[in-house]
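Peer 1: Pasted the sequence and its predicted model underneath.
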Amino acid sequence: MGKATYNLGSLAFVPGDPYKGKSEIAGVVHYPNGSGSKGLAHGRHSLIVMQHGLWATCADRVAQNALTKAQRALIRAEKTGDKAGEAKQLKIIDKMSERLWAWPCRAGIPPLPSSSGYDYLAEHLAQQGFVVVSMGANGINSTSSGQADSVYQARADLINKHLDLWRQLNSGEGPLKGKLKDAKTGRVGGAAFTGHLDLKRVGTLGHSTGGGGAMQQVSDKRHGDRPAGVEGLHSACGGRAVCPHVPDIAPGPHPAVQRYLEGVPDDALLVYLRLHV
């Protein structure tokens, strides 16, 4: 299977109001390789976009070690009734948590590549003939605290942004043109996707809050937000704590197909997607 990446900037995406904050436009792409256009398998391929859930954003080892140490010290202070010690450790915990959840990350600190956490699934889907895009959402994770009323819409907006970028690329246009890099070599180029995507058979997939974004994006209420020309949407949501509670999900011209995938074997998910996308 082929693998590519793209990154249009850490603060390139601005969700719609009332959400406050910016996020990256970045993704990891898995695709079926072959003897077609610059290594892409022949034919037209359905597109699947995936979004990860809520997690820390920065791989700050110093902050993580300090946080763990402070959490242990807090437990000891609570057991002994040391109120001053409790207050001291809580301040350290807050400070280190801010570093771990910052966006962009501090200079010299790499971001946690949460979008690569689904490489195993994306590889399986690519083997079935799909082009699979796993997007970054670290900026939304960093800014979502206190914005529960609008975070799912912000995540849906991010999904639509990536779908629109791929719609443009399929037409030989847009910001992704000339921006995809081979994951192994880091060189621009690789598979040529223009004209080889079937945008009438598109799937969205997310876990936890990412699943909430996928459900919001495919809902009837948000039908007008979807990029023109992207059709046949089907969506899968993983995480029972989030997925059943996302509003505005109802059957329609583009049905929102919910599947609670927590604990569901990968093979079952593959069968579902092959049947519906």
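Peer 2: Thanks, I have the structure now.

Peer 1: For the stretch 151-277 of the chain, which segments are assigned as strands?
Peer 2: Along the stretch 151-277 of the chain, counting by DSSP state E, counting those that start in this stretch, strands occupy 181-182, 197-207, 234-238.

Peer 1: same check, this time on the stretch 1-150 of the chain
Peer 2: 2-7, 26-31, 45-51, 131-135.

Peer 1: Just give me how far the first one sits from the chain centre.
Peer 2: Per Cα atoms, centre = their mean, to the nearest Å, the displacement of strand 2-7 from the mean C-alpha position of its chain is 14 Å.

Peer 1: What pairs with it, parallel or antiparallel?
Peer 2: Note on strand 2-7: by DSSP bridges, its sheet partners are strand 26-31 (antiparallel), strand 181-182 (antiparallel).

Peer 1: The shortest one too?
Peer 2: Pairing partners of strand 131-135, with direction, according to DSSP bridges: strand 26-31 (antiparallel), strand 45-51 (parallel).

Peer 1: most tightly surrounded among the strands paired with strand 2-7?
Peer 2: strand 26-31 (a mean of 25; mean count of other Cβ atoms under 10 Å). (Each C-beta comes from the backbone N, C-alpha and C, glycine too.)

Peer 1: Touching that strand from outside, list them.
Peer 2: Identification of contacts with strand 26-31 by Cβ atoms under 8 Å, 6 or more residues apart in numbering yields 1-8, 10, 40-41, 45, 113, 115-116, 119, 122-123, 125-126, 130-136, 162, 180, 183, 191, 193.

Peer 1: What subset of these is buried?
Peer 2: Using 16 or more other Cβ atoms under 10 Å as the burial test, the contacts of strand 26-31 include 2-6, 10, 40-41, 45, 113, 115-116, 119, 122, 125-126, 130-136, 162, 180, 183, 191, 193 as buried.

Peer 1: Now residue 144: closest residue in space, sequence neighbours ignored.
Peer 2: Nearest residue to residue 144 in three dimensions, chain neighbours excluded: residue 151, at 4.5 Å (Cβ to Cβ, 6 or more residues apart in numbering).

Peer 1: which residues touch that neighbour?
Peer 2: 19, 140, 144, 209, 212.

Peer 1: Which of those residues sits closest to residue 96?
Peer 2: Distance to residue 96, by Cβ to Cβ, is smallest for residue 144 among the contacts of residue 151, at 18.9 Å.

Peer 1: OK, contacts around that closest one?
Peer 2: Contacts of residue 144 by Cβ under 8 Å, 6+ apart are 21, 54, 151, 154, 209.

Peer 1: Going through those residues, which ones are buried?
Peer 2: Looking at the contacts of residue 144 with 16+ other Cβ under 10 Å, the buried ones turn out to be 21, 54, 151, 154, 209.

Peer 1: Let me know the pLDDT of the last one.
Peer 2: The pLDDT attached to residue 209 in the predicted structure is 90.

Peer 1: Distance of it relative to residue 52?
Peer 2: With distances taken as Cβ to Cβ, to the nearest Å, residue 209 is found 9 Å from residue 52.

Peer 1: Could you do the third one as well?
Peer 2: As for residue 151, its distance to residue 52 is 14 Å (criterion: Cβ to Cβ).
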